[in-house]
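Engineer: coords please:
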Amino acid sequence: MEEIRLGAVELKFAELVWANAPIPSGELVKLCKQALGWSKSTTYTVLRKLCERGLFVNENGAVRVLIDRSGYFTQKSEAVVETDFGGSLPAFIAAFTAGKPLTQGEIDEIQTMIDDFRRGNGDA
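Structural biologist: Got it, this is the predicted structure:
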């Protein structure tokens, strides 16, 4: 799957859609006017672009999610690990924790994830 990149403004829009989908496109226009100060044409322009990228679909006047928030951020994280760390998750974790030590709670949470993965529950 090709990486979907969102700019800051597109991400704010996507967050609105993810929080409210499925949503009638007319309601999305109202929501964007209220939350972002956008006009109808701006809303539909950004919606069209994100539909073309495969994030959402606008059919029969309703906007639905094709890639949910979790899926988007998973894809984005995988791209960072692949591009910036040669696909090495340990290298990513080492770089991430180099400047900020993990708390005991974070260590426990990561250990639980590792244990789940070893038991075959890696997608839990």
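
Engineer: And for Val81, the neighbour number?
Structural biologist: Using other CB atoms under 10 Å, Val81 has 16 other residues around it. (Each C-beta comes from the backbone N, C-alpha and C, glycine too.)

Engineer: Point out the other helices and strands that the helix or strand hosting it packs with.
Structural biologist: Under the criterion of DSSP states H and E, Val81 resides in helix 69-85. Counting contacts by 3 or more CB pairs under 8 Å, 6 or more residues apart in numbering; DSSP states H and E, helix 69-85 packs against helix 8-20, helix 89-98.

Engineer: which helices and strands sit right next to the longest one?
Structural biologist: Think helix 8-20. helix 25-36, helix 40-52, strand 62-65, helix 69-85.

Engineer: Can you say which of those is nearest to Trp18?
Structural biologist: Closest of the helices and strands packed on helix 8-20 to Trp18 is helix 69-85, at 4.5 Å (criterion: CB to CB).

Engineer: Okay, buried residues for the closest one please.
Structural biologist: Judged by neighbour count using 16 or more other CB atoms under 10 Å, the buried positions of helix 69-85 are Tyr72, Val81, Phe85.

Engineer: Other residues contacting it?
Structural biologist: The contact list for helix 69-85 (CB atoms under 8 Å, 6 or more residues apart in numbering) reads 1, 3-6, 14-15, 18, 55, 67, 87-89, 91-92, 95.

Engineer: what residues go with each domain of the chain?
Structural biologist: Domain assignment for the chain, taken from automatic domain parsing, gives 8-69, 88-124.

Engineer: and those domains, which is most packed in?
Structural biologist: Each of the domains of the chain was assessed for mean neighbour count using mean count of other CB atoms under 10 Å. The highest is domain 8-69, with a mean of 15.

Engineer: With respect to the domains of the chain, which exhibits the lowest mean confidence?
Structural biologist: Lowest mean pLDDT of the domains of the chain: domain 88-124, a mean of 87.

Engineer: element containing Val57?
Structural biologist: Taking DSSP H and E as the criterion, Val57 maps to strand 56-59.
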